[in-house]
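>>> Sequence below, structure please.
(chains A, B, C and D)
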Amino acid sequence: METLVGIVAAATALIGAIAAVTHRNAVVGVLFLVLNLVSLAVFYVLLSAPFIAALQVILYAGAIMVLFLFIIMLLDLRREEERESGLLQKVLSVIGGGVFFLLLWGAATGGAAPAAAELPEHFGSVESIAVALFTTYLIPFETISVLLLVAMVGAVLLTRKGGR
Amino acid sequence: MSLVWMLTLSTALFTVGVLGVLLRRNAIVILMAVEIMLNAANLALIAFSRHLGSADGQILAFFVMTVAAAEAAVGLAIVLAIFRLRKSVNVDSLNRMKW
Amino acid sequence: MITVLRFLWLIPLAPFAGAAIAGFSGRWIGRRGVGIIACGSVALSFVLSVVGVAALSGDLASLDALPGLAINLEARRVTLEVAEWISVGGPDGLVVSWSLMLDPLSAVLILVITGVGFLIHLYSVGYMAEEDRGYARYFAFLNLFTGMMLLLVLGASLPVLFVGWEGVGLCSYLLIGFYYTETWCADAGRKAFIVNRIGDAGFLLGALTLWLASGSLDLEPILDGVAASGPLREVALAGSLLLFTGAVGKSAQIPLSVWLPDAMAGPTPVSALIHAATMVTAGVYLVVRMGAVFVAAPLALAVVAGIGAATALYAATIACAQTDIKKVLAYSTISQLGYMFLGVGVGAFAAAIFHLITHAFFKAVLFLGAGSVIHALHGEQDMGRMGGLRDRMLITWVCMLAGGLALAGIVPFAGFWSKDAILWGALSGGHTFLWILGLAGAGLTAFYVFRLLFMIFHGKPRDEDLVRNAHESPYIMSGPLLVLGVLSLIGGIVGLPAIIYGGDWLGRWLDPVLAHAPAAAHEGVHSAGAEIGAMVLSLVIAGAGFMVALMAYVLRHVWAERLPRKLEPLSGWARAKYYVDEFYQRAILGPYLQLCHIFRQFDERAVDGLVNAVWRTADGVGHFARYLQTGFVRNYALFLLIGAALILYLVLP
Amino acid sequence: MSPANVWTGSPPIDWAALFPTMVLVVGALALLLASTLRRLPMRLHGVAALAFLVLAVVASAAGWSHPRSAFDGLVVVDHFGILASAAAYLACALTVLMSLDYLDREPEIPPEYYSLLLISTAGMGLMVTSNSLVGIFLGLELLSIPLYVMAGLVRSRERSLEASMKYFLLGAFSTGFLVYGIAFLYGGSGSFSLEQLVLALDRADGQQARWLLLGLGLVLVGLAFKVGAAPFHCWVPDVYEGSPVTVASFMATGTKAAAFAALLRVMFHGFGANALAEWREALGVLAVLTMVLGNFLALGQSNLKRLIAYSSIAHAGYLLIGVVTFSTAGAESVLFYLFSYIFMTAGAFSVVALIAGTGEGGEEVGARLSDLAGLGRRRPLLAAALCLFMLSLAGIPPTGGFVAKFYLFRSAVEADLMGLAVIGLLNSVLGAFYYMKVVVTVTMRDSEGTTPVPAASPTLAYACVVFSIVGTLILGLYPRVLTRLSTQPLF
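I've put the predicted structure just below:
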């Protein structure tokens, strides 16, 4: 059962990703990206990371993608301007991407991975993540808050009307 | 699903993201492609986390998600600002500075 | 008295301070103040130098008690560590200090630099009087240059020497472009810089080589260490040739000679000080200073001698075909520097330094005289338009004549003794071919220098309007001229050879430094008769050059203009005489001048072209490579991906 | 770490280690609040930012005598980190100094600019004082995101927004590589700590070792992008040219210093001797490529900002040599080089900031080389300063640039990297060509036609120039002021 779900999720994740970057209509692209994100969330559940899976759906697919969609709708960018150019770029990109993938894939999966470790109790639970966030990773957690704040300020500065 | 399969999927997704950046001209789509790359990294992190039995990977995945959100906010703001000025988000038209 | 050596650092510091004051407060102290500060600081430095050299010649043994001073009695070398500069690698690591070294060699040079430098500063006060803007800047740069030059010759380690080396190059460069703001001038400056950078690369690589072999950048351990067999001796050839590359660049020898004629764009006193008397001789100084390393690699010495002799002849040839007064002197400088390298190369180190000193005198007087002429003619530099200036500018004429006679090597002027010492070094060392080259160059030298003098001062003015209002320069200019003229006459005294009952004072003074020099005089031919014979021969050749110039540029006018009028009835004969002259002009002098022109073209097109080609290639590659930078984000991302693939390929097993 | 013992033994918080970052963040927040008060003059913001920077330096220096590791290595207090963050603070301070006057001439830049600057600096500080990949990653983001915004602050200027967009897209792209690399390093070592990483490399074999090397490669891509090494350098000239001058200066100095410090720490600490052959080879290739490309590309430039951008690429190449040495001397020389590089580059940019401004049509004017013609006549002291910085960049003694190169090449020679040292030396000769082009233009050419004359610059505006001159000369004449600090172990 788990394998079946995994295969389906892998397929939809890959299809979603490919369609998201290839579809001419950006709105459709975003929707495919959401498909990809949700499929990945399924994996996270399978990999004992329910909290991250939930965040993936709520925060990523739910909030960030809506932001994308909102901007695309706002700017009315459903269709990309047609202007084919740079055959060399395309050919080199595909070749480069292929070589890169082979190097990456070969190195990532080339040999037998060491045996998986036993999972501790409550692995991946909200509680255990929260504990780590508020103890060991307190500093990065606080940093993240500053990061989000500065991103917000920056977005306002770039988009608000008028000068000083 | 074994770790190897997860990593295969992850590398494939990462490459799809990279190619999206290289081949598309719409700045928003490029940003989406970057999101796919980050998600590929997250998948690898969580797969490793499961494999190693350590929660650290999940924590970093959480941070990556937040960073992605911050980047998306700033990136979309830049897109918006450029659109106001040029009525286009085609990155190929961003070519005033070169050489 | 001896303790004065502890204040060695004041010698370069005085001009630096002068530069700072003139440069930064020129607006407040006024033109007069700037002049006083600039000349005063160099004068102070000169006085200190004299005192320092006097101390050096005293009893050094009593110095041992002074802290901070290291003394090498054998080499008569005093090293003063002023402050630590760069130190790395803990207590056992490398330490480079701001340390100065006074020995007989640097003693001679600081006297020349500050002495001639002071005179030229003084002259500049008059020469630049009409310059409204940049007066203070000019003197600041000139003072800065003097300080850098002193640092160069006093530096006790290669990095300190390099500071001076680069510093003088920079000042030269800034002064070349002083008031000529046209494009070609900036190009000239750039060319000078490129050529010098090629030399600098050689210098740096040479220093690196010596450092790797000796573990030290100080001169003392390198010079002392190279005598013994060891790693230093093994790299002596590479190290010395690389250092020589630097010297070739700085001293404008073949094939890096192209920048010096262009450098004449600067004000004339600058040409006199920097591009004749001091900076360009830094290459000679470097080779003599590092002489021990060169001696350890005989092949390197041979290369130095060959390039020196070739340059001496080649540049003399080109000088014959120039009509720009400063260009003649520029090529002459290149040629004379060639003689110095010839001297060094054949092992006659002392003779080379001797020539360096006398050259500083007579070339300075020639340049300053030329400046005086140019000044009188409101900037005209074309000799083809001058003539008949002798009566209008008597002092200048006398002084330039003294300098010219010295340059031509006419006895008893200073240049005769020093050039002859070099030629004798070549002959007695068994380098007969080089000696013949040098002798031929001497003939050409006499020709072009008298050509120069005749065209400027003798005959009838070719451009009446230009010459009519010419007048002698003010005393502040003619004073230094007179002093230098006298020095051109008697400067040879310091090195009169024993053969004519001179003391060879300079040779003996330099002995402690040049102990390693090959004893050239003891090999090959050596007899009093041969030495006298060689002197007479070179005098005869110089005389021949003088005669040719006289016939070509003075008598021709006499014959062509006076004779026909006086002997009116015999006009046919007179015309025939005229034809003789024409024949002479066409058959002998004409082809010869053609040859000179070909050389000159070669210099301007081929050698210059090579330098330009190097520059253009680099520039072209740069321009081509620029197109990688397309401005498209996607292309950039592609480069990034290719780079990532490259790194993965390199990193993965 | 399992949840159970975390509950019971949560570590005490080492506040002192956090002070420098906290000062900057609090300062940034205070300035943010203050910027809502419209009446406050811009200069006051700048002066306040300077005050916070000084406080941060003091807070950072306080840890000098007591090196330690806090928060499981997420924040470390060691000499290297203190010196590297001092470099970042210095870069920021110089940027603030040159902004004081410059912002008057760029009326579109809002007062929040100073907050962004401080946050970015805090990110740099975090990045260079962390022994954990998490800290380095978040520090990098914290420094980058404000910069993406700052590049585009002149919103009516197409070039500014273009710079912002290019920087953002490529920056985000490279972040993807960095994160992916960290994921593989995590997979191979089971931790984000650099100390664990080097241990894991020691015992890893087979697939684990391959993950680690893969992670090494990908992390290198991310960091090489930030330091501006070829072939990841493409963004540098475009972004520097388009950004406001002060922002370009901050990117060129601060980002470079922080990214190099982080690169050095990751390579020396995280990979160290256990993957030496691999990372040395990769970085060696990058170093050569970077030096050659940077210098050649700079030759044909006619815009001073762009020229400095290419020059900064070339300098990244020299600096990489110092990293490749993998020796204490190399690390010290990189730090020294960074300080002298900050002074001379910020100095050059501050001269540009004094002469550039907004022209007709909102485009920036005054940064082209032809605009500099005759500067020697119009503003002799400013021209002299620019020449000094150019000479220092060219590595001509007795400036800081010379001593820095001396240290660097010496450490390379000592590490038996003769080839790299010679290539570096020849490249620095090549570099002199275009630096001299600037000197020629400034001192020898006369201005053609109308040259934009910027608004009167008050004395304050020269502060950055003067400070940079002093720094460049002191490091050249008496480098001991800095080098004696590293008599104790760096890490």
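>>> contacting residues for the residue of chain B found nearest chain C?
Closest approach between chain B and chain C, counting by CB to the nearest CB: B:Lys98, at 2.8 Å. In this view, the C-beta of every residue, glycine as well, is placed from N, C-alpha and C. Neighbouring residues of B:Lys98 by CB atoms under 8 Å, 6 or more residues apart in numbering or on different chains: C:629-632, D:238.
>>> Please identify which of those residues is nearest to chain B.
Nearest member of the contacts of B:Lys98 to chain B, counting by CB to the nearest CB, is C:Gly631, at 2.8 Å.
>>> thinking again about what came up before, which phi and psi values does the residue of chain B closest to chain C adopt?
phi -160, psi 170 (degrees, to the nearest 10).
>>> Near chain D, which residues of the stretch 501-650 of chain C? Just list them.
Those residues of the stretch 501-650 of chain C that sit near chain D, judged by CB under 8 Å from any CB of the partner chain, are C:615, C:618-619, C:621-623, C:625-626, C:628-629, C:631, C:633, C:635-637, C:639-640, C:642-644, C:646-648, C:650.
>>> can you narrow those residues to ones near chain B?
Okay, of these touching chain B (CB under 8 Å from any CB), that's C:626, C:629, C:631, C:633, C:637.
>>> can you put these in CSV and add secondary structure and neighbour count?
Listed next are those as CSV, based on DSSP: H, G, I helix; E, B strand; the rest coil; neighbours: other CB atoms under 10 Å in any protein chain shown:
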residue, secondary structure, neighbour count
C:Arg626, helix, 19
C:Gln629, coil, 22
C:Gly631, coil, 18
C:Val633, helix, 28
C:Ala637, helix, 25
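>>> Check the gap between the residue in chain A that chain D sits nearest to and C:Ala55 for me.
Going by CB to the nearest CB, chain D is nearest to A:Gly154 of chain A, at 3.4 Å. Counting by CB to CB, to the nearest Å, the gap from A:Gly154 to C:Ala55 is 69 Å.
>>> For the chain, which segments count as strands?
Using chain A here. Shown for chain A, no strands are assigned by DSSP state E.
>>> looking at chain D here, not the other one
Taking DSSP E as the criterion, chain D carries its strands at D:68-70, D:75-77, D:357-358, D:364-365.
>>> Point out the most buried one among the ones you listed.
strand D:75-77 (a mean of 23; mean count of other CB atoms under 10 Å in any protein chain shown).
>>> Give me the nearest residue to the one residue sitting closest to the centre of chain A, chain neighbours excluded.
Per CA atoms, centre = their mean, the C-alpha nearest to the average position across chain A is that of A:Leu37, at 6.2 Å. Distances taken as CB to CB, 6 or more residues apart in numbering or on different chains place A:Ala61 nearest to A:Leu37, at 4.3 Å, with adjacent residues excluded.
>>> Return the residues in contact with the one you found.
By CB under 8 Å, 6+ apart, A:Ala61 lies in contact with A:34, A:37-38, A:41.
>>> pLDDT wise, what is C:Pro474 at?
Per-residue pLDDT puts C:Pro474 at 83.
>>> Can you get me a residue count around it?
C:Pro474 has 14 neighbouring residues, counting by other CB atoms under 10 Å in any protein chain shown.
>>> quick one: it and C:Gly126 touch, right?
Yes: counting by CB atoms under 8 Å, C:Pro474 does reach C:Gly126; the two are 5.0 Å apart.
>>> and for the two, which residues touch both?
Joint contacts of C:Pro474 and C:Gly126 (CB under 8 Å, 6+ apart) do not exist.
>>> remind me which residues of the chain are low pLDDT?
You didn't say which chain, so I picked chain A. Along chain A, the parts satisfying pLDDT under 70 run over A:78-85, A:162-164.
>>> Can you look at chain B instead?
For chain B (pLDDT under 70), the answer is B:1.
>>> Does chain D have contacts with the helix ranked longest in it?
Counting residues, the longest helix found in chain B (DSSP state H) is helix B:56-86. Yes: using CB under 8 Å from any CB, helix B:56-86 reaches chain D at B:56-57, B:59-60, B:63-64, B:67, B:70-71, B:74-75, B:77-79, B:81-82, B:84-86.
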